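Colleague: okay, sequence plus prediction incoming.
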Amino acid sequence: MYGYMGKILRIDLTNKKATVEPLKEEVLKKFIGGRGIGAKILWDELKPGICPLSPENKLVLTVGPLTGTKVQSASRWMAQFKSPLTGTYFRSVGGGFFGAELKFAGYEAIIVEGKAEKPTYVYINDENVEFRDAERIWGMNTLATREFLKEETDKNAHMVMIGPAGENLVKFSAIVTDGDFRTAARGGGGAVMGSKNLKAIVVKGSKRPEVYDEKAFDDAFKEQVESYKSNPAFEGFHNLGTNFAVYPFYTLGHFPTYNFKQKELYGAEIFQPEILSQYVVKHSGCWGCMIRCGKVFKLTKGPYAGTVWDFPEYETHWSFGGNLGNINVETIVYANMLCDFYGLDTISTGVAIGFAIELYEKGIIGKSET
């Protein structure tokens, strides 16, 4: 099957068993890519009424047919599960290099089921799958975890992992990638991993997807590249990522303010692109993507001066910024870094804080609860 690797890796944590299953062609024709395949698996395999944090829940990681090719913006990956936050089906999307590496290892999907007896991480090196002890790294933040696992497996491997938030079953904890921490943060996938005593999945692959018609594929790729370059929004997103959209979205009313109660934010001009661009010291991107919307910020003033970290996305600017009535970019960057460290969804974290602030203002909670 061109584009597809045609295999699913099933990881049974309870019995420390890994099995490879074929991904049937009729399923691929009906559901095409990662989101459809993952939803189909959960529909078929999850029993009604299960607890999202029980061993009966399953975590499905999937990629699509264009993942790992030179097609632009096509190498993201999906995490799908029954959410501990919503109690229903959830899909969360991550970036970075993990999706392409999973494809290179020869798999379209990973199904994680059961629960490990003790903290565990799984190392996948093509067909070789190992269940390794993770007690030494249980409790570590994601940066320390990444460094440890790169050293213990392969410096060129890529991974998804959880931080202390996922270990402690926080319902909006994230599944975090290595690299520039492009997380699948929504819905509590980190808590699902934590409930299974699964600290990380590390992947190293040596294969490549096969293309049916290289010339036609290359022609389509070149056309896509030219369409990107000619798009009016390309330069802004290439230079500043989603930070480029923060202030324009504010002027359009798409910037939650004061826990969604207001539209106006005094001092919102601080989010203008020309101001945010002053923080950028490095550009990065997901696998094979020319947009390179990832940015590294450096703080040069205030109590967090010297901090160098992955930039906040548009959503993080409003969740820790306008939503809290906050126009201090340095605190937003620092809060974003802490969420990456601990493995938290920045949107849900900021919204929870905004809700708590409003409860405090209305006298519903007091200092003893805060």
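Modeller: Yep, that arrived. Residues are numbered from 1 along each chain as shown.
Colleague: mind listing the helices for the stretch 201-350 of the chain?
Modeller: Listed in chain order, the helices of the stretch 201-350 of the chain (DSSP state H, counting those that start in this stretch) span 214-230, 234-240, 246-251, 273-276, 314-320, 329-342, 346-361.
Colleague: so which elements touch the shortest one?
Modeller: Counting contacts by 3 or more C-beta pairs under 8 Å, 6 or more residues apart in numbering; DSSP states H and E, helix 273-276 packs against helix 234-240, helix 246-251. Quick note: C-beta positions are derived from backbone N, CA and C, even for glycine.
Colleague: now, of those, which is deepest in the fold?
Modeller: Ranked by mean neighbour count, the helices and strands packed on helix 273-276 are led by helix 246-251 with a mean of 19 (mean count of other C-beta atoms under 10 Å).
Colleague: so what's the gap between that one and the chain middle?
Modeller: With C-alpha atoms, centre = their mean, to the nearest Å as the basis, helix 246-251 stands 24 Å off its chain's centre.
Colleague: go on, stretch 121-133?
Modeller: Here the centre of stretch 121-133 is set off from its chain's centre by 21 Å, with C-alpha atoms, centre = their mean.
Colleague: what is the mean pLDDT for the helix or strand hosting Glu130?
Modeller: Under the criterion DSSP states H and E, the helix or strand holding Glu130 is strand 128-133. Per-region confidence: strand 128-133 scores 99 on mean pLDDT.
Colleague: out of the helices of the stretch 201-350 of the chain, which comes closest to Phe260?
Modeller: helix 346-361 (7.8 Å; C-beta to C-beta).
Colleague: ok, residues contacting that closest one?
Modeller: 85, 172, 185-186, 258-261, 312-313, 315-316, 318-320, 323-324, 335-336, 339, 365-366, 370 (C-beta atoms under 8 Å, 6 or more residues apart in numbering).
Colleague: ChimeraX command to pick out the buried ones of those residues?
Modeller: Filtering the contacts of helix 346-361 down to the buried ones (16 or more other C-beta atoms under 10 Å) takes a single ChimeraX command:
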select :85,172,185,186,258,259,312,313,315,316,318,319,320,323,324,335,336,339
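Colleague: then the helix or strand in which Gly189 is found to PDB, C-alphas only?
Modeller: Per DSSP H and E, Gly189 falls inside helix 189-195. C-alpha atoms of helix 189-195 as PDB (Å, rounded to 0.1, in the frame of the first residue of the first chain):
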ATOM      1  CA  GLY A 189      -4.200  12.400  27.400                       C
ATOM      2  CA  GLY A 190      -1.400  12.800  29.900                       C
ATOM      3  CA  ALA A 191      -3.600  11.500  32.700                       C
ATOM      4  CA  VAL A 192      -4.500   8.500  30.500                       C
ATOM      5  CA  MET A 193      -0.800   7.700  30.200                       C
ATOM      6  CA  GLY A 194      -0.300   8.300  33.900                       C
ATOM      7  CA  SER A 195      -3.100   6.000  34.800                       C
END
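Colleague: now for it, which elements pack on it?
Modeller: So helix 189-195, by 3+ C-beta pairs under 8 Å, 6+ apart, packs with strand 59-62, strand 77-82, helix 164-167.
Colleague: which strands and helices lie in contact with the second one?
Modeller: Counting contacts by 3+ C-beta pairs under 8 Å, 6+ apart, strand 77-82 is packed against helix 34-45, strand 59-62, strand 89-94, helix 98-104, helix 189-195.
Colleague: and the pLDDT at Met5?
Modeller: 94.
Colleague: OK, contacts around it?
Modeller: Lys103, Gly106, Tyr107, Glu108, Lys207, Pro209.
Colleague: can you show me the CA trace of stretch 131-149 as PDB?
Modeller: C-alpha atoms of stretch 131-149 as PDB (Å, rounded to 0.1, in the frame of the first residue of the first chain):
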ATOM      1  CA  PHE A 131       9.400  -2.500  28.000                       C
ATOM      2  CA  ARG A 132      11.800  -0.600  30.200                       C
ATOM      3  CA  ASP A 133      11.800   0.500  33.900                       C
ATOM      4  CA  ALA A 134      10.800   4.200  34.400                       C
ATOM      5  CA  GLU A 135      10.900   4.400  38.200                       C
ATOM      6  CA  ARG A 136      14.100   6.500  38.000                       C
ATOM      7  CA  ILE A 137      12.400   9.200  35.900                       C
ATOM      8  CA  TRP A 138       8.900   9.000  37.400                       C
ATOM      9  CA  GLY A 139       8.500  12.500  38.900                       C
ATOM     10  CA  MET A 140      10.900  14.200  36.500                       C
ATOM     11  CA  ASN A 141       9.800  17.100  34.400                       C
ATOM     12  CA  THR A 142       9.600  16.700  30.700                       C
ATOM     13  CA  LEU A 143      12.900  18.400  29.900                       C
ATOM     14  CA  ALA A 144      14.800  16.100  32.300                       C
ATOM     15  CA  THR A 145      12.900  13.100  31.000                       C
ATOM     16  CA  ARG A 146      13.800  14.000  27.400                       C
ATOM     17  CA  GLU A 147      17.500  14.300  28.200                       C
ATOM     18  CA  PHE A 148      17.500  11.000  30.200                       C
ATOM     19  CA  LEU A 149      15.700   9.000  27.500                       C
END
